[in-house]
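Take a look and give me a structure for this.
(2 chains)
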Amino acid sequence: MDRLFLNEHRFEYHMNAEQEKAAAFIGRLWNNPSLAGLSPLQKEDQLRQFLDVNAATLKPTLTSAAFFQGKPWPQIRELMSRTLSDFADKALTPLYEAILEKRLDFSFTQHLSHRTAAPTAVKTQMDGFLKDLSAKRVSRKELAGPLMGVGTGIIDRYMEKIFIRQKYISFELRKVQRLKISPNEIADLLKATMLIRPAIHYFIPPGQSSSAGLLVSPAYAAKVAEEASKTLNLMPESVVKAGINSALSFQDNPYLESTARLAAVFSLRCRNLKPGMKVDRGAESSDKSWFNVARKNYKYYGFDLDILVELHGIAAENGW
Amino acid sequence: MKKRIGNIIEGVVTAAIILVLIQTFLEDMFVISGASWALRRVFLYTGFAFDLFFTIEFLIRSWSAVTAGEYGRYFIRKNGWVDFVASVPLLIFTSGPEVFAMASGAAFAGTGALIGLLKVVKAVRMARVLRLLRLLKIFRRIRFADSVMVQRHTVRIVTTAAATLIFTATIIGTVFALTESSGAEEVWLNDQIAAVESLAERPELADGPDAAEAWGRSRPSVLLVKDEEWTLYARNDDAYLKRFFGPGDFAVRTAGSYSVWFDIRPASVTQSRLNLTIFAVTLAVVLLMMITYSPHFAITVSDPVNVMLRGLKEKSYNLEVSIPKEYASDDIFRMAAAYNDEYLPLKERNAVEDKEGGALDISLDDIGDLLQS
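Sure, this is the predicted structure:
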């Protein structure tokens, strides 16, 4: 299990009595062993659902004298939600720093055309961008997969095998997309692409639902890419564009960058990834199961089937 | 408290079952190895004690079942028949008469057919195999599989196989023991009987110590030749006879004024070998079933079922069933293939579209104390 997600974050900040009670309650949920190993955003998503699903059961306890007696339930619910976000935010800040510091090297930007900013500057800008993404509910939720993917090292593991195999994905990256950088740099490029992907939801106009579908239209993607490039002006434009294009269907856009196709697959794969998950006897391994199911749903997700076939093969070969 | 006492008693019964199996094994081993009578006597007494203990256990369980109005359930479904067969007949026909014979110092004696007596001895010893049924009781008490279904199916098949083996061996062994045959042992005994009959017809063959010794030495199973109270020939000294022979180890046959003492231990050795063979075979069947069938059942039935069950019940569980190529055409794996290929992809799509989420890893049970406080 990755150390990045193992730190138990304890928070001390000025609170009134109600906030303290809410923090104590959420803290107990947050630190529950059944959520161990999940990223802060996964935890937040889980607990938000938990509070919604179990509202009827929690209400008698939370409206009792021990908690918020006399306070209307909607206000209690709002307080809990806010406290939960605080917990996630407090955990996200060090997580972003750790990921950008230890898991992602931006030196690949030096080898790509159009932008020549120093990697540290790109990193600083990406840190700010991630904070922006997590500030908005619609994009915050979509960050869970990319963060998990980058934080757990799953990308590095698969990229290593991809370049050893020298098959379809490697060919697509090297020969079709013409990435003349080292395998490690390609892995970092893919991670950056994944982290940019939630921008699709970030730039959704206010009032419009982001959950209309998994995929967006090329026209919308182009507009978002333009906006995102302005925000991430130190990042090579091709990377930003690939991040946004990862929300396009490969079936409808066969010339999609291979990094965009991979970012789409890994972002969705990691959205509900549970590191250290015990595989039951008689069950296939976690990755192998996921990629095989994704193969059946490739049109629905707009995935590249050949990529899924290869990733499934890698997972099967390595027992992942 | 009552439950605790019950657990203690069940623990004692389990320990007794293990001990009686060891006792049965060692008893036969000592017969085969020609151990001293004192040692074998200890095992005869302990065998009797165990049979008495299990008879009492059976009676108590029967009484308890009768008062609860579920004797039929106890006797048939809860294996009361095993309790019965492995205790009462043994006490009445095997260990009880043996202990009685020891207490009275009786030996097989008389002018009747020696082979007839030996047949009874063999049949009685054969019945000891029924003690192995206790092995099944132990087997039922061992929790060797995670799945209740695996445990139950394995216990059922092992119980059936082992009980069939034990009963068949006992019945066939008893029938063989009681029926005429021309086996080596019988031929050898008939030869001894013929010798005694020839002595009755020609008493001069053992007329005096020298003649008696020559006659006795020529027959390996003859221990003593006596004329009235006079010992004409003794193969071993008294100390040896006292040390290695007990009631049931020898038979006395009279021929006129002569009485001839025969060593009949070889018959017991043959029977003990057979008993040990059945013991080993039964144990091997039980262990092999546990080692081979139990995992096989788990792999081909319970594991795929459990994976599918979790997948059906838990929204966040999306692992596929592993389908071994060699069993892919099994019904269960055909169903698993449908689960993998149809259900999981649909479930995944539903999860993506489900705005309420629902793939929860945390439940109210995880914060039970928090809600109580």
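
Might one say that residue A:50 is in contact with residue B:362?
Yes - if you go by CB atoms under 8 Å, residue A:50 and residue B:362 touch, sitting 5.4 Å apart. From N, CA and C alone the C-beta is placed, and that goes for glycine too.

can you list residues touching both of the two?
Listed as contacting both residue A:50 and residue B:362 by CB atoms under 8 Å, 6 or more residues apart in numbering or on different chains are residue A:29.

These two: which is more packed in?
residue A:50 (24 against 20; other CB atoms under 10 Å in any protein chain shown).

Now do the helix or strand encompassing that one, average pLDDT.
For residue A:50, the host element (DSSP states H and E) is helix A:40-53. Helix A:40-53 comes out with an average pLDDT of 87.

just for the chain, where's the confidence low?
Just so you know, I chose chain A. Across chain A, the ranges flagged by pLDDT under 70 are A:1-15, A:114-116, A:207-213.

looking at chain B here, not the other one
B:105-122, B:124-125, B:180-182, B:355-361, B:368-373.

Just want the most central residue of it.
Ranked by distance to the mean C-alpha position of chain B (CA atoms, centre = their mean), the top residue is residue B:132 at 0.9 Å.

just checking, that residue is part of a strand?
No - counting by DSSP: H, G, I helix; E, B strand; the rest coil, residue B:132 is located in no strand; its state is helix.

That one and residue B:96: what is the separation?
Using CB to CB, to the nearest Å, one obtains 19 Å as the distance from residue B:132 to residue B:96.

what do you get for residue A:219?
98 Å.

The two: which has the busier surroundings?
Neighbour count, other CB under 10 Å: between residue A:219 and residue B:96, residue B:96 has more, with 15 against 8.

Residue B:231 - nearest residue in space that isn't next to it in sequence?
residue B:224 (6.4 Å; CB to CB, 6 or more residues apart in numbering or on different chains).

Could you list the contact residues of the stretch 51-200 of chain A toward chain B?
Proximity of the stretch 51-200 of chain A to chain B, by CB under 8 Å from any CB of the partner chain, involves residues A:52, A:53, A:54, A:57, A:58, A:61, A:66.

can you pick the most crowded of the residues you listed?
residue A:58 (23 neighbours).

Secondary structure element holding it?
Counting by DSSP H and E, residue A:58 is part of helix A:55-62.

residue in the stretch 101-250 of chain B nearest to chain A?
Of all residues in the stretch 101-250 of chain B, residue B:146 sits closest to chain A, at 8.2 Å by CB to the nearest CB.

count of neighbours near that residue?
Applying other CB under 10 Å, I find that residue B:146 has 12 neighbouring residues.

burial count for residue 63?
Since you didn't name a chain, this refers to chain A. Neighbours of residue A:63 (other CB under 10 Å): 16.

ah, I was thinking of chain B
11.

ok, and for stretch A:295-312, which residues are buried?
A:295-298, A:300-304, A:306-312 (16 or more other CB atoms under 10 Å in any protein chain shown).

Mind checking which of those residues are in helices?
Within these, membership in helices is found for A:295, A:296, A:298, A:300, A:301, A:306, A:307, A:308, A:309, A:310, A:311, A:312, as judged by DSSP state H.

Show me the two of these that sit farthest apart.
Greatest spacing in these, by CB to CB: A:300 and A:310 (19.4 Å).

Summarise which helices and strands the one helix or strand residue B:333 maps to is packed against.
Per DSSP H and E, residue B:333 falls inside helix B:331-338. The contact analysis (3 or more CB pairs under 8 Å, 6 or more residues apart in numbering or on different chains; DSSP states H and E) places helix B:331-338 against helix B:303-313.

What is the helix it packs on packed up against?
helix B:331-338.

Helix B:303-313 and the helix it packs on, what's the angle between them?
40 degrees (axes from the mean of the first three to the mean of the last three CA atoms, to 10 degrees).

Just the buried positions in helix B:331-338, please.
For helix B:331-338, by 16+ other CB under 10 Å, it's B:332, B:333, B:336.

Pull the distance from stretch A:18-31 to the chain's centre.
25 Å (CA atoms, centre = their mean, to the nearest Å).

typo on my end, it should be stretch A:254-263
Worked out by CA atoms, centre = their mean, stretch A:254-263 lies 17 Å from the chain centre.
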